[in-house]
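Chemist: mind looking at a prediction? Sequence and model below.
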Amino acid sequence: MIILDGIDQLYAIPHAIVTSGTFDGVHVGHQKILKKIVRLAKEQGGKSAVLTFWPHPRFVLFPDDTSLKLLTTFEEKAAILEKVGIDYLIRIEFTKAFSQLSSERFIQDVLVDKIGTKKLVIGYDHKFGKNREGSFEYLKENCKRFHFEVEEIPRQDIEDVGVSSTKIRKALLEGDVHLAQEFMGRPYSLTGTVVAGKRIGTELGFPTANLRLQAAYKVVPKDGVYAATVSVRGEEKGAMLNIGFRPTVEGVSRVIEAHLFDFKEDIYGEEMTVSFIKRLRDEQRFDSLEALKIQLLEDQKNSLSALKIEVKK
């Protein structure tokens, strides 16, 4: 997949079949649109292209509103789109000046003059341009003038999937990582850098890798204990993972920490990705470290069962 970063990098794409949107999470509803443009491009001997905006428009238009959390970083989104089979990913920097661009100018300057769009496929009720004035009806009325076809994915097709980025965020904040996985077609994941902790887990026989997120704007699932998989140094390991304040040891800050099964290497400072498989329980306060250790042994057993793996003796 070729990534074109910014309007200045754009050039004509051979028989471009294009879709546009933020595609946060690239969930199964988004994938319906993406797979359609991949299929159309192959049938017509052209190339599929996704045009997306970064940063997320709400970060620019409402900078003081910190409530929006995203499901995917741009890099994560790009990796997923490549797996779907998209040929080109076009990233347009979203700025306040860009937000004032009319739909007419966006279509003519970007879709027509730069990319040479032959067909535009959009989800129902998708709008773009200043004040979201560009609608499917507007496109249908003007597509002959712009010299490209336009197709809208029917409302029923999208609603039959029954998924949205908002529903996924809600599921994660409620700790329902299984439902989020169904909606996304893959486990939800977080990526960050392994940092030093207080080594309390090591004292208990359960050393943990503490994760400092690379993107603070990503959704973090509800506090609790999870069965997870961890990718680090090109390996994938099973793990049990805790999110929360560690009340038993009087923790004061929220942490994300994973105990990796069958893994004893020093990975401080390295990148690690955790993928959520199953929520096991709420975080809770124990009367002693010994009581906590007994619960950790139970968490380990439940995690291994959920992950269907065995620890090497």
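Modeler: All right, it came through fine. Numbers count the residues shown, from 1 in each chain.
Chemist: just the CA coordinates for the strand or helix carrying G238, please, in PDB.
Modeler: Using DSSP states H and E, G238 sits within strand 235-244. The C-alpha atoms that make up strand 235-244 are tabulated as PDB, following Å, rounded to 0.1, in the frame of the first residue of the first chain:
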ATOM      1  CA  GLU A 235       7.100 -12.500  19.600                       C
ATOM      2  CA  GLU A 236       3.500 -13.000  20.800                       C
ATOM      3  CA  LYS A 237       3.000 -14.200  24.300                       C
ATOM      4  CA  GLY A 238       0.000 -14.900  26.500                       C
ATOM      5  CA  ALA A 239      -0.500 -12.500  29.500                       C
ATOM      6  CA  MET A 240      -2.700 -11.400  32.300                       C
ATOM      7  CA  LEU A 241      -3.100  -7.700  32.400                       C
ATOM      8  CA  ASN A 242      -4.300  -5.200  35.000                       C
ATOM      9  CA  ILE A 243      -5.600  -1.700  34.400                       C
ATOM     10  CA  GLY A 244      -6.200   0.500  37.500                       C
END
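Chemist: quick check: neighbours of that strand in the sheet, parallel or antiparallel?
Modeler: Pairing partners of strand 235-244, with direction, according to DSSP bridges: strand 224-232 (antiparallel), strand 255-260 (antiparallel).
Chemist: pull out the buried residues from the last one.
Modeler: This points to strand 255-260. Neighbour-count burial for strand 255-260 flags V255, I256, E257, A258, H259, L260 (criterion: 16 or more other CB atoms under 10 Å). In short, each C-beta sits where N, CA and C put it, glycine included.
Chemist: for the first one, same thing?
Modeler: Across strand 224-232, burial judged by 16+ other CB under 10 Å covers G224, V225, Y226, A227, A228, T229, V230, V232.
Chemist: run the chain-centre distance for it.
Modeler: Offset of strand 224-232 from its chain centre (CA atoms, centre = their mean, to the nearest Å): 17 Å.
Chemist: what are the contacting residues of that strand?
Modeler: 175, 177, 187, 194, 209, 236-244, 258, 260, 267, 270-283, 299, 302-303, 306-307 (CB atoms under 8 Å, 6 or more residues apart in numbering).
Chemist: could you do the shortest one as well?
Modeler: If you take CB under 8 Å, 6+ apart as the criterion, strand 255-260 is touched by 190, 192, 197, 201, 206-211, 213, 220, 228, 230, 232, 237-246, 272, 274, 296, 300.
Chemist: among these, which ones are buried?
Modeler: Applying 16+ other CB under 10 Å to the contacts of strand 255-260 flags 190, 192, 197, 201, 206-211, 228, 230, 232, 237-246, 272, 274, 296, 300 as buried.
Chemist: show me where the stretch 101-250 of the chain has its strands.
Modeler: Per DSSP state E, counting those that start in this stretch, the stretch 101-250 of the chain carries strands over the ranges 117-123, 149-153, 189-195, 209-213, 224-232, 235-244.
Chemist: secondary structure class for the residue most central in space within the chain?
Modeler: In the chain, the centroid-proximal residue (CA atoms, centre = their mean) is T72; its distance is 2.3 Å. At T72 the chain is in coil, as set by DSSP: H, G, I helix; E, B strand; the rest coil.
Chemist: measure it to G25 for me?
Modeler: 6 Å (CB to CB, to the nearest Å).
Chemist: can you name every helix or strand that the lengthiest helix in the chain contacts?
Modeler: In the chain, taking DSSP state H as the definition, the longest helix is helix 289-307. Here helix 289-307 touches strand 224-232, strand 235-244, strand 271-281, going by 3 or more CB pairs under 8 Å, 6 or more residues apart in numbering; DSSP states H and E.
Chemist: who wins for proximity to F98 among those strands?
Modeler: Among the helices and strands packed on helix 289-307, strand 271-281 comes nearest to F98, with 31.3 Å by CB to CB.
Chemist: could you dump that closest one to PDB, C-alpha only?
Modeler: The C-alpha trace of strand 271-281 is given here as PDB (Å, rounded to 0.1, in the frame of the first residue of the first chain):
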ATOM      1  CA  GLU A 271       7.600  -1.100  22.200                       C
ATOM      2  CA  MET A 272       4.900  -3.500  23.300                       C
ATOM      3  CA  THR A 273       1.300  -4.100  22.000                       C
ATOM      4  CA  VAL A 274      -1.400  -5.700  24.200                       C
ATOM      5  CA  SER A 275      -4.500  -7.200  22.700                       C
ATOM      6  CA  PHE A 276      -7.500  -7.700  25.000                       C
ATOM      7  CA  ILE A 277      -9.100 -11.200  24.800                       C
ATOM      8  CA  LYS A 278     -11.300 -11.600  27.900                       C
ATOM      9  CA  ARG A 279     -12.200  -9.500  31.000                       C
ATOM     10  CA  LEU A 280     -11.700 -11.600  34.100                       C
ATOM     11  CA  ARG A 281     -12.800  -9.400  37.000                       C
END
